[in-house]
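**Student:** Attaching a predicted model along with its sequence, questions to come.
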Amino acid sequence: MLDDDALRQILTTCPTVAVLGLNDDPSKAAYYVPAYLHEQGYRVIGVNPKLAGQRFFGEVVRSTLAEIGEPIDLVDVFRRSELLPMHLEDLRACKPRVVWMQLLVRNDDVAGALEAEGITVVQWRCTLADHQRLGLGRPQRPAPSLFDTHELNTRLFFPRPDRSPPPAGAVDLWVEVTDARLHVRWHRRLEAAPTVVLFHGNGEVVADYDAAAIRFASAGANLAVVDYRGYGESTGTPTLRNAIGDAPAVVTAIRQAAGAPLVVMGRSLGCACAAALYERPPEGVVGVVWESGFVDLFGLIRRRGMSPPATLAAADRDAFDPIPKLRRGTLPLLVLHGDADTVIAPAEARAAFEAVTTAHKELVYLPGRGHNDVSTAAAYWQALARFLGDLPAGAQA
């Protein structure tokens, strides 16, 4: 059992809280406890499939913990004890520092499984009651990350407006995320085919891929292209953290519209999103394509004309480093890279490929191609068609 010093440490150093089992009834503890935490300065993200897409406490409610797509300090659990096993894998994938089971909630088997993975577990206690009893105030927040600075993100993202109508055979979709609305253009040319969900490079918009949709169809897939915050018709301001955090909600929304298996594709900076989705794939994702992607965070910072720190904080590594995410994933992976790329060295493609432990992987270097012309090679489309055709049985329909 944790003593008061341990509880105090948890409640003062866990500013981001996911509420598993959020309720919209103000008379219920699953509403008024998170409301109290929000008032005390915690960031509170609700999780409840019945409320998904609605806003509570300034955040969009998610269907699952996996949809949050960013580091969570504490998961506050408002689910019956006997239902906790069904949430175990979601809790593991979320990798919070603490899982806090509210009053009347206790499951020693689930607690033991989480503790075996280094997650602190509190059972049968109330966050509100302990916060008040210990006389605590606002939670401590870590020092700002370089990856959250205006300087880095304005050098990393180059949004441009675009309000082009969808071409024949395409529809525009809208995905609500926290404080923004994202634009997705879905090209559906094939029935019962996978949909490639493309997170594009930092200087592109969805319309840049209108002409490419037919090439994807020839390779055996439909195409959905996502605009980051501030790009095209998407609202908000782009940051690397937001792009990664928004990705699971985008994929889930496309899954609901497409009703078919999904293949996530990251191009260049978009591989930051692809890495997160490779580690924690939402339902329906059956493979990942990695085009001209980066894995070296220090190199990413230097390419933006900035000096990287001597070391990166563990929280930054966990949030932004693609290599650990690739190591933890198990999906089929196709890596495409130009062997003459002078922006992101071909060695980074090799590092991404070698980080993945799955046997279903392929590294294809495109001869004579640089960073922005890999798709002009016939071998690019041949490799993509081969990858899509070799996906596990059931992924084609």
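**Tutor:** That came through fine. Numbering: from 1, shown residues only.

**Student:** Now do the host helix or strand of residue 109: everything it contacts.
**Tutor:** Assigned by DSSP states H and E, residue 109 belongs to helix 108-115. The contact list for helix 108-115 (Cβ atoms under 8 Å, 6 or more residues apart in numbering) reads 84, 85, 87, 88, 91, 92, 99, 101, 121, 123. In short, each C-beta sits where N, CA and C put it, glycine included.

**Student:** just wondering, since we're on the fifth one, how far is it from residue 119?
**Tutor:** Just to be clear, that refers to residue 91. Per Cβ to Cβ, to the nearest Å, residue 91 is found 8 Å from residue 119.

**Student:** ditto for the first one
**Tutor:** Summarising the geometry, the distance separating residue 84 from residue 119, computed by Cβ to Cβ, is 13 Å.

**Student:** now swap in residue 353 and tell me
**Tutor:** 31 Å.

**Student:** what sits against the closest residue to residue 46 other than its chain neighbours?
**Tutor:** Excluding the flanking residues, the one nearest residue 46 by Cβ to Cβ, 6 or more residues apart in numbering is residue 22, at 3.4 Å. Residues near residue 22 by Cβ under 8 Å, 6+ apart: 30, 31, 34, 46, 47, 48, 51, 56, 61, 78.

**Student:** State the mean pLDDT of the helix holding residue 109.
**Tutor:** Mean pLDDT, helix 108-115: 96.

**Student:** just stretch 123-131 next, same as before
**Tutor:** Stretch 123-131 shows an average pLDDT of 98 in the prediction.

**Student:** ends of it, how far apart?
**Tutor:** 15 Å (Cα to Cα, to the nearest Å).

**Student:** longest helix anywhere in this structure?
**Tutor:** Using DSSP state H to define each element, the chain has its longest helix at helix 240-258.

**Student:** just checking, what packs against the next helix or strand after it?
**Tutor:** Of the helices and strands lying after helix 240-258 in sequence (DSSP H and E), the nearest is strand 262-267. Where contact means 3 or more Cβ pairs under 8 Å, 6 or more residues apart in numbering; DSSP states H and E, strand 262-267 is packed against strand 195-199, helix 240-258, helix 271-279, strand 285-291.

**Student:** ok, and what's touching the last one?
**Tutor:** Contact partners of strand 285-291, identified using Cβ under 8 Å, 6+ apart, comprise 194, 196, 251, 261-268, 271, 274, 277-278, 281, 329, 331-337, 349, 352, 374, 384, 387-388, 391-392, 395.

**Student:** ChimeraX command for the buried members of these?
**Tutor:** A single ChimeraX command selects the buried members of the contacts of strand 285-291 (16 or more other Cβ atoms under 10 Å):
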select :194,196,251,261,262,263,264,265,266,267,268,271,274,277,278,281,329,331,332,333,334,335,336,337,349,352,374,384,387,388,391,395
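
**Student:** Where do the domain boundaries of the protein fall?
**Tutor:** The chain breaks down into these domains under automatic domain parsing: 4-133, 149-389.

**Student:** Which of the ones you listed sits closest to residue 139?
**Tutor:** domain 4-133 (4.1 Å; Cβ to Cβ).

**Student:** Look at the closest one and report the distance between its end residues.
**Tutor:** First-to-last residue span, domain 4-133, Cα to Cα: 10 Å.

**Student:** Can you list the buried residues in stretch 116-126?
**Tutor:** 119, 120, 121, 122, 123, 125, 126.

**Student:** what residues are up against the fifth one?
**Tutor:** This means residue 123. 101, 105, 106, 107, 108, 111.
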